[in-house]
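1. No sequence on hand, only this structure:
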């Protein structure tokens, strides 16, 4: 029960890695706020957590809007009196060749992945500062912040920005006792892959890992929980790869 008595906000908690992390935090004693633009999905996650005896609350949140993110963090604070961990996990991707991209495609991905992460960090840090309570912010980067592929230029750009923002925020927030870290997953079996799987690309994507299989969301959640725990107290401003070797071989 590493997180017994703690309060965790999962932004993008309705599916994929966010859903797995919300369930894992709750299973280890945390009260969880599941924030997602998919409100029905967030309520499904909450129902599963509370049905297992956990404590969770759903809130509709568009991470691209700072007011929404601030409200989600504020809900956690108002309901429980504290905010210990904020996990920025909301993400989208557009799969399209560069020359077929429209500016709107790029802007949509950056709005959620980059602006959404900034909004989460800002709302979390402001709340933790006011509460005078050290906490941890975990961001979701990607192996694609480091390795190039075709057809996802907005995703590359936004996840590269997440890595840079993680380092920049960590050095500024360290005097407040707030740690900022990030995970960089490889190809994870989440709804973001639905299009690729429908096109029969699952095997090709799996081959990018050393063990030739997609990564389960729960395995990324395992690392997120470790990074948010006291056991990772000396890890700060770091991006941790959770990619089964994707970045290490070709």
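-> Structure's in. What do you need? Being a predicted model, the structure only gives us computed values, none of them experimental. Numbering: from 1, shown residues only.
2. Poorly predicted segments of this protein, please.
-> Scanning the chain for pLDDT under 70 picks out 194-200, 250.
3. what about stretch 229-249, how long is it end to end?
-> End-to-end distance of stretch 229-249 (C-alpha to C-alpha, to the nearest Å): 30 Å.
4. Repeat that for stretch 108-125.
-> End residues of stretch 108-125 are separated by 25 Å (C-alpha to C-alpha).
5. Give me the distance from it to the chain's centre.
-> Chain-centre distance of stretch 108-125: 10 Å, with C-alpha atoms, centre = their mean, to the nearest Å.
6. again, but for stretch 72-88
-> Offset of stretch 72-88 from its chain centre (C-alpha atoms, centre = their mean): 15 Å.
7. Show me what counts as buried in that stretch.
-> Going by neighbour count (16 or more other C-beta atoms under 10 Å), the buried part of stretch 72-88 is 72-77, 80, 82-88. Using the backbone N, CA and C atoms, a C-beta is placed for each residue, glycine as well.
8. what residues are up against the residue nearest to residue 236 when sequence neighbours are not counted?
-> Spatially, and ignoring its direct neighbours in sequence, residue 236 is nearest to residue 179 (4.7 Å; C-beta to C-beta, 6 or more residues apart in numbering). Neighbour list for residue 179: 134, 135, 136, 137, 170, 173, 232, 233, 235, 236 [criterion: C-beta atoms under 8 Å, 6 or more residues apart in numbering].
9. Where does the fifth one fall, secondary structure wise?
-> When elements are assigned from DSSP states H and E, residue 170 belongs to helix 153-173.
10. Give the partner strands of whatever helix or strand comes next after that helix in its sheet and their orientations.
-> Counting by DSSP H and E, the next helix or strand C-terminal to helix 153-173 is strand 179-185. Paired neighbours of strand 179-185 in the sheet (DSSP bridges): strand 136-140 (parallel), strand 239-242 (parallel).
11. Out of these, which one sits most buried?
-> The highest mean neighbour count among the strands paired with strand 179-185, using mean count of other C-beta atoms under 10 Å, belongs to strand 136-140: a mean of 28.
12. so where do the strands sit in this structure?
-> Remark: strands assigned in the chain by DSSP state E are 7-11, 31-36, 55-60, 85-88, 136-140, 179-185, 239-242.
13. mind putting those in a markdown table, distance to residue 150 included?
-> Shown next, in a markdown table, are the strands of the chain (distance: least, C-beta to C-beta, whole Å):
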| stretch | distance to residue 150 |
| --- | --- |
| strand 7-11 | 29 |
| strand 31-36 | 29 |
| strand 55-60 | 35 |
| strand 85-88 | 26 |
| strand 136-140 | 22 |
| strand 179-185 | 19 |
| strand 239-242 | 21 |
